[in-house]
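> the sequence isn't on hand, but the structure is:
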């Protein structure tokens, strides 16, 4: 009789009531992320799900991290539905009645060169996406954010993972760097200047590296060739351009973008400048991924 | 009868009393940088130079910037002693008696590709260094700092300039990023862990780019392969490694390092890991550079 899928991150809580075929019957969201819960996970969950009666609850995201409800070990890539399902961690939650509550594991990956990679939540979105894609792949998936994730899907499994700290670095530079003094105050909000964004993406092509290119925000401000109102969009383009050039596999023809519309549109523009196709997908893929994991469980008894 | 050379930056003030041959007779330094002066440049200068009687005072550094005593226009590279001397800006300073006071110009450069570059103070150090180097070059010079400068010297002039925001980005990440939570509090001070620094330099070799490599600080902390006490040195190595790979001209066999001993030793170690020779030079090159500019002036009368 259906199930409940919960996407529980650091700053937001989203729940989906699903029918037997995984269709979303109802959707709730709240500013009840980990930071707001202060450790009181069970009462927050009970309150958010009030009135929903499904017997099985599956959760993904930072709720399974060291600072979450229960730390659930990472499952190592390559991994698909079976491996992630085997890593589901059952939680006791007396106040939720006799219902079954699980947290999905995150995923780790050790690239052949370089340092280890991890994700929590995005692996479940990747499962949901896998379910929609034809062919064995490889498919290249980008999930932009504070820490953008680049996921490779092949043969029904997640086979690769890389992270870029793009969103975090943007926020740091926008608020605390000497470049911030060249921009309007943060609380006014950043306008979207697409031409400046595009110039930033293109600037990242030159040699010198990111540490050098960032200084160009300052000098162009100094010489009056970059207006204060343009600078944040230029900076965003510079960082996203570096992310794409650093993490998009060579020869990529198309990228699947997963996330919220505003940020995706910037990535889509940067990809189009590089002659790469993109396909947009919404954040409800988490519900689909959790549904696929839930189907592997024995019927609730 | 000699002259006085002043290196006046954002956070520090240094003065040198020089004899007719440019030798340093006396040296003074004070925490009397631009930020501490609050616009009262002339009284600060008079106080710092008390008892020194030389009739000519030449100054370099941010004192000539928009937020300094007087904004002195940049001189465009390629430029050497003659071009910089032509850009000297005379200042009226009644309280200093009948003495001549000049501020040296900064230097700008427009690389064939990429955004414009500027420096203030480092061009004078470069002049001082030129005076010591044999042959026409090219010589590659690195002046590490909040904004590291990479200068090319050839045929007695500065012919190239690139900047890397390495020091600023380190400070931002060390204080305000999610990575900071993995390190001891900033006020304890960062120990120098050379092995961790070296690992950071090497990690920058892999593909993925800086935005990706930074995340390795977090995951290695998570998996226990990078201790809290090692993380800041690793981060420093990662950033300096990226700076070197981005800005050192291909085929460079030796780099002249100019600056304070502590930071130079890190750059020297990173260069040695890349098989590049380095030659260290102290910060008093500013005095030498200003002396060369002063020699172009007519005798004080």
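Everything's here; your move. Every value quoted in this text rests on a predicted model; they were computed, and no experiment measured them.
> which residue ranges of the stretch 51-200 of chain A form helices?
A:81-86, A:122-130, A:166-176, A:194-203 (DSSP state H, counting those that start in this stretch).
> so which of the ones you listed is the most packed in?
Scoring these by mean neighbour count under mean count of other Cβ atoms under 10 Å in any protein chain shown gives helix A:122-130 as the most buried, with a mean of 27. For every residue, glycine as well, the C-beta is placed using N, CA and C.
> circling back: adding distance to chain B and mean pLDDT, write the helices of the stretch 51-200 of chain A out as TSV.
Compiled in TSV, these are given as follows (distance: least, Cβ to the nearest Cβ, whole Å; pLDDT from 0 to 100):
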stretch	distance to chain B	mean pLDDT
helix A:81-86	19	98
helix A:122-130	13	97
helix A:166-176	5	96
helix A:194-203	6	96
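> format those as CSV; extra columns: distance to residue A:1.
Putting the helices of the stretch 51-200 of chain A into CSV (distance: least, Cβ to Cβ, whole Å) gives the following:
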stretch, distance to residue A:1
helix A:81-86, 20
helix A:122-130, 21
helix A:166-176, 39
helix A:194-203, 48
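> and of the ones you listed, who's closest to residue A:94?
helix A:81-86 (24.6 Å; Cβ to Cβ).
> ok, how many other residues are close to residue A:274?
By other Cβ atoms under 10 Å in any protein chain shown, 15 other residues sit near residue A:274.
> relative to chain B, how far out is it?
Per Cβ to the nearest Cβ, to the nearest Å, residue A:274 is found 15 Å from chain B.
> quick check: that residue touching residue A:244?
Yes - here residue A:274 reaches residue A:244: they are 6.5 Å apart, a contact under Cβ atoms under 8 Å.
> and residue A:245, what is it in contact with?
A:204-205, B:209 (Cβ atoms under 8 Å, 6 or more residues apart in numbering or on different chains).
> which of those residues ranks first by neighbour count?
residue A:204 (23 neighbours).
> which non-adjacent residue is nearest it?
residue A:241 (3.4 Å; Cβ to Cβ, 6 or more residues apart in numbering or on different chains).
> if we can go back for a sec, residue B:24 is nearest to which of the helices of the stretch 51-200 of chain A?
Once the helices of the stretch 51-200 of chain A are compared by Cβ to Cβ, helix A:166-176 is nearest, at 38.0 Å.
> tilt between that closest one and helix B:166-176?
Going by axes from the mean of the first three to the mean of the last three Cα atoms, to 10 degrees, helix A:166-176 is angled at 100 degrees with respect to helix B:166-176.
> contact partners for residue A:89?
Residue A:89 neighbours (Cβ under 8 Å, 6+ apart): A:64, A:70, A:72, A:102-103, A:105.
> also residue A:11?
Neighbours of residue A:11 in contact, by Cβ under 8 Å, 6+ apart: A:31, A:33-36.
> would you agree residue A:221 is in contact with residue A:178?
No - counting by Cβ under 8 Å, residue A:221 stays clear of residue A:178, with 10.3 Å between them.
> looking at those two, which is more packed in?
More neighbours surround residue A:221 than the other of residue A:221 and residue A:178, with 19 against 16 (other Cβ under 10 Å).
> okay, that one and residue A:213: tell me how far apart.
To residue A:213, residue A:221 is 14 Å away according to Cβ to Cβ, to the nearest Å.
> before we move on, what about residue A:24?
From residue A:24 to residue A:213 the distance is 42 Å (Cβ to Cβ).
> who has more neighbours out of those two?
residue A:213 (26 against 14).
> ok, whichever residue of the stretch 1-150 of chain A sits closest to chain B - contacts?
Here the residue of the stretch 1-150 of chain A nearest chain B is residue A:115; by Cβ to the nearest Cβ that distance is 3.1 Å. In this structure, residue A:115 makes contact with B:203, B:213, B:215-216, B:219-220, judged by Cβ under 8 Å, 6+ apart.
> now, which of these lie within helices?
B:203, B:213, B:215-216, B:219-220 (DSSP state H).
> relative to residue A:226, which of these is nearest.
residue B:213 (27.3 Å).
> picking that back up, also near chain A: which of the contacts of residue A:115, exactly?
The subset of the contacts of residue A:115 within reach of chain A, by Cβ under 8 Å from any Cβ of the partner chain, is B:203, B:213, B:215-216, B:219-220.
> circling back to that earlier point, would you mind putting the contacts of residue A:89 into CSV with neighbour count and distance to chain B alongside?
Compiled in CSV, the contacts of residue A:89 are given as follows (neighbours: other Cβ atoms under 10 Å in any protein chain shown; distance: Cβ to the nearest Cβ, whole Å):
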residue, neighbour count, distance to chain B
A:64, 26, 13
A:70, 15, 16
A:72, 23, 14
A:102, 24, 23
A:103, 27, 17
A:105, 25, 14
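> now tabulate those in JSON lines and tack on pLDDT.
Converted to JSON lines, those look like this (pLDDT from 0 to 100):
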{"residue": "A:64", "pLDDT": "98"}
{"residue": "A:70", "pLDDT": "97"}
{"residue": "A:72", "pLDDT": "98"}
{"residue": "A:102", "pLDDT": "98"}
{"residue": "A:103", "pLDDT": "98"}
{"residue": "A:105", "pLDDT": "98"}
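> so which of these sit within strands?
If you go by DSSP state E, the contacts of residue A:89 have A:102-103 in strands.
> in space, what's closest to the residue lying farthest from the centre of chain A - neighbours in sequence excluded?
Most distant residue from the mean C-alpha position of chain A: residue A:223, 37.4 Å away (Cα atoms, centre = their mean). Leaving aside its sequence neighbours, residue A:223 sits nearest to residue B:116 (Cβ to Cβ, 6+ apart; 5.8 Å).
> what pLDDT does the model give the one you found?
Here the pLDDT value assigned to residue B:116 is 96.
> ditto for residue A:104
Residue A:104 is given a pLDDT of 98.
> which one (most neighbours) among the contacts of residue A:11?
residue A:34 (22 neighbours).
> model confidence score at the closest residue to that one other than its chain neighbours, please.
In space, residue A:34 comes closest to residue A:10 once its chain neighbours are excluded; the distance is 5.0 Å by Cβ to Cβ, 6+ apart. With respect to pLDDT, residue A:10 scores 91.
> surely residue A:127 and residue A:292 touch.
Yes - using Cβ under 8 Å, residue A:127 is in contact with residue A:292, at 5.5 Å.
> overlap of the contact sets of these two?
residue A:81.
> you'd agree the residue nearest to residue A:223 is up against residue B:77?
No - when contacts are counted by Cβ under 8 Å, residue B:116 is not listed as touching residue B:77 (10.6 Å).
> for those two, indicate the residue with more neighbours.
residue B:77 (23 against 19).
> quick one: contacts for that one?
B:107-109, B:157-161.
> kindly report the same for residue A:3.
A:18, A:54-58, A:290-291, A:294.
> next step: these restricted to strands.
Filtering those for strands - DSSP E - leaves A:18, A:56-58.
> which one (most neighbours) among those?
residue A:58 (27 neighbours).
> just give the nearest non-adjacent residue to that residue, would you?
That would be residue A:290: by Cβ to Cβ, 6+ apart, it lies 4.3 Å from residue A:58.
> what's the spacing between the one you found and chain B?
Residue A:290 sits 24 Å away from chain B, going by Cβ to the nearest Cβ.
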